[in-house]
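> Fold the following for me, if possible:
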Amino acid sequence: MKILFVASECAPFVKTGGLADVIGAVPKALAALDVTARVLLPVYPALKDLASKGETVWQSETLQGGAARVVACQSDGIELLLLDAPHLFDRPGNIYIGPDGEDWSDNAQRFSALSFVAAEIAVQGVQGWRPDVVHAHDWQAGLVPVYLRQRGERTPPSVLTIHNIAFQGLFDPTLMTELGLSSESYTPEGMEFFGQIGFLKAGIAFCDKITTVSPTYARELMLPEFGMGLEGLLQARSSDLCGILNGIDLDVWSPEEDDLLVAPYSARRLKQKAQNRAEVLRRFGLENDTDGPVFCIISRLTTQKGLDLVLEALPVMAARGAKLAVLGNGDKALENGFVAAAQAHPGSVGVIIGYDEPLSHLMQGGCDAILIPSRFEPCGLTQLYGLRYGTLPVVARTGGLADTVIDANEAALMTKCATGVQFAPVTIDALEQAILRTCDLYEQPSVWAGMIRRAMRHPVGWDVSAQAYKDIYTSLTGTHSA
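Okay, here's the model as predicted:
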């Protein structure tokens, strides 16, 4: 079976968030199930050298105002189809946002081009390879099902995965003609969203199957609280919607073989974790003078992630002798808030503003608990990394956080299945209680060590979920699934 993935980012080539990690991992997992997935990805500056070594398999002189080609190549175990359109993607900095801090003004043209080329490949094929299913990811690929529908000829079925419904790709309807979109699609049942073109809505309306990244998030999306205005459409398409839990790449995230740790370790050799803990304390300027746990935050700093509440909870944390190491960037008010907190609590709060992949590995390997108080969380990957590394997740009971962490309530502790701490609702009182519960558990060494070992054994890879994706592809193509 042959699948074309269409996405705006893919690790390790270009990454702004968890979407890239998923796109970089799923094709490898599918390969073990005899499914060949190729990833169509734009050529940003970081990909120019790789693209120069590939073979041109498609080209056009008029793709949204300039020349473009698709280059086939392979790297890091992933089959890539790279859309080389310099007038659209050869820009410095963030792949979505310009130097003024605003979205690139031509994002509609940029990502409609990505979707259009995907539809071309789906129909024409490249190098004798034609996909059985096209799998589009998030709003940047949301127009793929529309362009396939407009072809009016035999086209492969399409799947759309919603990684985060908060980002929908909304643009002025005067662009319809320029983007090559039929006016027939611009209806309340189609791509029209409160007077705008909705790229994500278009994908939801016109694809054959819809997936999202956890079972709980799939249910939440049909509620006004979480659906962001698309809950009605998702309710209407509920029979085509399913939640498939994200996983992580177990080769990249392995505490036993991670070269980014000071001391690799395993569930049987937990003492080495202490060496990583000492290095985290040093890197963040934290004192090692109490018996409290070291919490970490590795995240975009936004209110969606509930991090404004963490600032309010710091006095409770400090009073129990806990430490906090923060790595991330985002909202300036939150960045400034955490920097000020580090100055107000020297030795207890350490903050590094920015993105640092190697440091994130060290934090997962060296901290005691990872704090994820998100107001909504489609799946989340950092709690999966935390489980894998025995850094116990303290999470809000929402989306994939609810699906992956087993709360240390009395029943779970009695039956020895707890792997972290959950709390709800997402309020300051509930968060403070979760922090205090975590501190209480940490002060019981045998209980804490048992939770660490169970967390590290918890399945967080892609095996089960990759089979679920294959089952969806099979249902659309009528082929046999082993």
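> buried set for the helix ranked longest in the chain?
For the chain, the longest helix by residue count, based on DSSP state H, is helix 107-124. The neighbour-count check on helix 107-124 (16 or more other Cβ atoms under 10 Å) flags 107-123 as buried. C-beta: built from backbone N, CA, C; applies to glycine.
> tell me the contacts of the residue with the largest distance to the centre of the chain?
Relative to the centre of the chain, and counting by Cα atoms, centre = their mean, the farthest-placed residue is Asp289 at 36.0 Å. Asp289 makes contact with Gly347, according to Cβ atoms under 8 Å, 6 or more residues apart in numbering.
> what do you get if the cut-off is 10 Å, keeping everything else the same?
Gly321, Lys323, Gly347, Ser348 (Cβ atoms under 10 Å, 6 or more residues apart in numbering).
> Neighbour-wise, which one of those residues leads?
Taking other Cβ atoms under 10 Å as the neighbour criterion, Lys323 ranks highest of these with 27 neighbours.
> where does the residue farthest from the centre of the chain land in three-state SS?
Under DSSP: H, G, I helix; E, B strand; the rest coil, Asp289 falls in the coil class.
> swap in Ala341?
Ala341 is classified as helix under three-state DSSP.
> So it sits against Asp308, correct?
No - applying Cβ atoms under 10 Å, one finds Ala341 not in contact with Asp308, separated by 11.6 Å.
> Please work out how many residues are found near Leu19.
Leu19 has 24 nearby residues by other Cβ under 10 Å.
> For it, list the residues it contacts.
Shown in contact with Leu19 (Cβ under 10 Å, 6+ apart): 7-11, 137-138, 140, 161, 163-164, 167, 213, 246, 381.
> separation between it and Ile162?
As judged by Cβ to Cβ, to the nearest Å, Leu19 and Ile162 stand 11 Å apart.
> Which neighbours do these two have in common?
His137, Asp138, Val213.
> Which one of these is nearest to Gly232?
Gly232 lies nearest to Asp138 out of those, by Cβ to Cβ, at 20.1 Å.
> Contacts only, for the closest one.
Counting by Cβ under 10 Å, 6+ apart, Asp138 touches 6-9, 19, 23, 111, 160-165, 167-169, 199-200, 203.
> Please produce a PyMOL select command covering the buried subset of those.
Buried residues among the contacts of Asp138 (16+ other Cβ under 10 Å), as a PyMOL selection:
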select buried, resi 6+7+8+9+19+23+111+160+161+162+163+164+165+167+168+169+199+200+203
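> Looking at the contacts of Asp138, which are in strands?
Among those, the members falling in strands (DSSP state E) are Val6, Leu160, Thr161, Ile162.
> contacting residues around the closest residue to Leu148 other than its chain neighbours?
Counting by Cβ to Cβ, 6 or more residues apart in numbering, Leu148 lies nearest to Thr155, which is 4.5 Å off, once chain neighbours are set aside. Going by Cβ under 10 Å, 6+ apart, Thr155 touches Ala119, Ala122, Val123, Pro131, Val134, Pro145, Tyr147, Leu148, Arg149.
> measure the first one to Ile23 for me?
Separation of Ala119 from Ile23 (Cβ to Cβ): 19 Å.
> Next, the angle from the helix or strand just after the longest helix of the chain to helix 107-124.
Once the chain leaves helix 107-124, the next helix or strand it forms, by DSSP states H and E, is strand 133-137. On the basis of axes from the mean of the first three to the mean of the last three Cα atoms, to 10 degrees, strand 133-137 is oriented at 170 degrees to helix 107-124.
> Write down the beta-bridge partners of His137, one by one.
Thr161 (DSSP bridges).
> OK, contacts around it?
5-10, 19, 22-23, 26, 39, 144, 159-163, 203, 211.
> now it: how far from Pro215?
His137 is 18 Å from Pro215, by Cβ to Cβ.
> Which stretches in the stretch 301-450 of the chain count as helices?
307-319, 332-344, 357-366, 382-389, 399-404, 410-414, 428-442, 445-457 (DSSP state H, counting those that start in this stretch).
> what's the average pLDDT for the second one?
Meaning helix 332-344. Averaging pLDDT along helix 332-344 yields 97.
> buried stuff in the helix or strand hosting Arg282?
According to DSSP H and E, Arg282 maps onto helix 273-283. By neighbour count with 16+ other Cβ under 10 Å, helix 273-283 contains the buried residues Lys273, Asn276, Arg277, Glu279, Val280, Leu281, Arg283.
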